[in-house]
Each structure stands twice: as C-alpha cells, then as structure tokens.
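Enquirer: Sequence and predicted structure, then a few things I'm wondering about:
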Amino acid sequence: MLNDALLRRCLLGDKLAAMSRALVLNATFEPLGAVASRRALLLVLERKAEMLEATGRRFHAMAVSYPEPSVVRLSRYVHVPYQARVALNRRSIFARDGYKCQYCGAAAENIDHVVPRSRGGAHVWENVVAACKRCNSRKEDHLPHEVGLRLARMPTRPIGRAWILLAEVGARSEWLPYLGQPLTGHSATQLNIAVDVDSLAG
Ligand SMILES: [Zn+2]
C-alpha cells in the first residue's frame, strides 16, 4: 500500500498527465465546478469527497490503479460566497439561452424584456431573454402574444452552476444527471466566468 505522500507525488507527477476533468458537487449535490480528474481522485483518496461516477479509465500509480473520477461529491458542505453567483448581464443571458433568439431560434443579438419595461416588466432572469433584432423590434412595447410571438421556453434563473460549467468546459455524459437542465451551444470564449473549485474544496 502506498503512503499518502508517495501517492500524492505519483498522482501529481508528470508521468500521469491529466486525462480529463471531473465534476465536483457540493455535499448538497449542487454542481460547484470542474477540476482535473486526478485532483478529484486526490479528494476521494483524502476522504474529502466520494466518487459517484467514473470515466471507465484508470490512473496507474506504482503497482495500484484507481478509477478516474468523472463526478465526485464533497463530504462537507462548502459555502458558496454570494459574489460567486452569476451576474445578470448580456453575456450570461446569452449563455443561458444558448445564443439563440428565444422566439425564433435565430442568432441572438439583443436582450428582450418579455414584459416590456414600459409596461412594468422587471430586469430579472425570469423576464429577460436573448432575441434576434427582428423579433426584438417586432415586439417593442408589446407582450409576445400580442404580436404573434411565442417563447421557446419560459426564462428561469439558472440554478447552481451547471450552465456555467457547460459553457466553460463542456460536459461528459455522466455529468448530465447532476447538472439539471442541460444547455447547448455555449462557447467557453464567450462566457469567461471562472469557478475556483480548488479553493473551495481545499
Ligand atoms: Zn427572433
């Protein structure tokens, strides 16, 4: 059996290249972020996390081998600072909506208030959607149904960080059950919000 120090050196050594990233869930199962899978394995070996899903590949260290984690859950609850939550802005709204107009599916160019601000609509996640110029100008100060527009889905506040993760690093298929509502069409360069999981889980 390897001692901890040796194990750590083996796992962090150059010979074991980072194979991929693992999803880290809070103790409450809320997605927190993604880390290198060998970092996730260390969390498991240090009993700071439990492995929920493996990739099917293995890390080899000396005479032993370990499954490469794909999803781990922290043993202790980590408080997520309020500042780490995602701001409501053009970039984050576009990311939530997959950079598509929520009325017609064309490329998003504007932010549309479903209930127009002139009619009392608030600037909140539940009342803003990405829209193309055409739909946005067609709508103006109307409600969608008044001008024959229909939302593809009701806008909601993104829950947890699932959608940031997807935007940043993409997702393995094993992650999807833990991420809630999966979104597509994101690009890491378009949404550059860092989630510092290493500091949270350290
Ligand atoms: Zn449109």
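Expert: Structure received.
Enquirer: Up against the ion, what does the protein have?
Expert: Within the chain, the positions lying close to the ion (C-beta under 5 Å from the ion) are C101, Y103, C104, A106, C132, C135. To be clear about C-beta, it is placed using only N, CA and C from the backbone, and glycine gets the same treatment.
Enquirer: what about 6 Å?
Expert: Contacts of the chain with the ion, taken as C-beta under 6 Å from the ion, map to C101, Y103, C104, A106, A131, C132, R134, C135.
Enquirer: Throw those into JSON lines and include secondary structure and neighbour count, thanks.
Expert: Formatted as JSON lines, the residues of the chain next to the ion follow (DSSP: H, G, I helix; E, B strand; the rest coil; neighbours: other C-beta atoms under 10 Å):
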{"residue": "C101", "secondary structure": "coil", "neighbour count": "24"}
{"residue": "Y103", "secondary structure": "coil", "neighbour count": "24"}
{"residue": "C104", "secondary structure": "coil", "neighbour count": "14"}
{"residue": "A106", "secondary structure": "coil", "neighbour count": "13"}
{"residue": "A131", "secondary structure": "strand", "neighbour count": "28"}
{"residue": "C132", "secondary structure": "coil", "neighbour count": "20"}
{"residue": "R134", "secondary structure": "helix", "neighbour count": "14"}
{"residue": "C135", "secondary structure": "helix", "neighbour count": "23"}
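Enquirer: all helices for the chain, in order.
Expert: For the chain, the helices defined by DSSP state H cover 4-12, 37-45, 90-96, 133-139, 162-169, 176-179, 197-201.
Enquirer: got any ranges where this protein has weak pLDDT?
Expert: For the chain, the stretches flagged by pLDDT under 70 are 1-19, 81-87, 159-171, 180-202.
Enquirer: how about a cut-off of 50?
Expert: Along the chain, the parts satisfying pLDDT under 50 run over 1-3, 6-7, 10-18, 83, 181-202.
Enquirer: Where do the domain boundaries of it fall?
Expert: For the chain, automatic domain parsing gives the domain ranges 4-82+160-201, 90-147.
Enquirer: Give me the nearest residue to R153, chain neighbours excluded.
Expert: Q102 (7.2 Å; C-beta to C-beta, 6 or more residues apart in numbering).
Enquirer: Quickly note the distance from that neighbour to A61.
Expert: According to C-beta to C-beta, to the nearest Å, Q102 and A61 sit 48 Å apart.
Enquirer: Which one of the two is surrounded by more residues?
Expert: Neighbours of Q102 and A61, each counted by other C-beta atoms under 10 Å, are more numerous for Q102; the result is 26 against 20.
Enquirer: Can you tell me the closest non-neighbouring residue to R117?
Expert: The shortest distance from R117 to any non-neighbouring residue, by C-beta to C-beta, 6+ apart, is to H123 (7.1 Å).
Enquirer: which residues sit in contact with that neighbour?
Expert: Taking C-beta atoms under 8 Å, 6 or more residues apart in numbering, we find H123 in contact with L88, H113, R117.
Enquirer: what sits against M154?
Expert: For M154, the contact set (C-beta under 8 Å, 6+ apart) comprises E126.
Enquirer: nope, D141 is what I was after
Expert: D141 sits in contact with P116, S118, R119, where contact means C-beta under 8 Å, 6+ apart.
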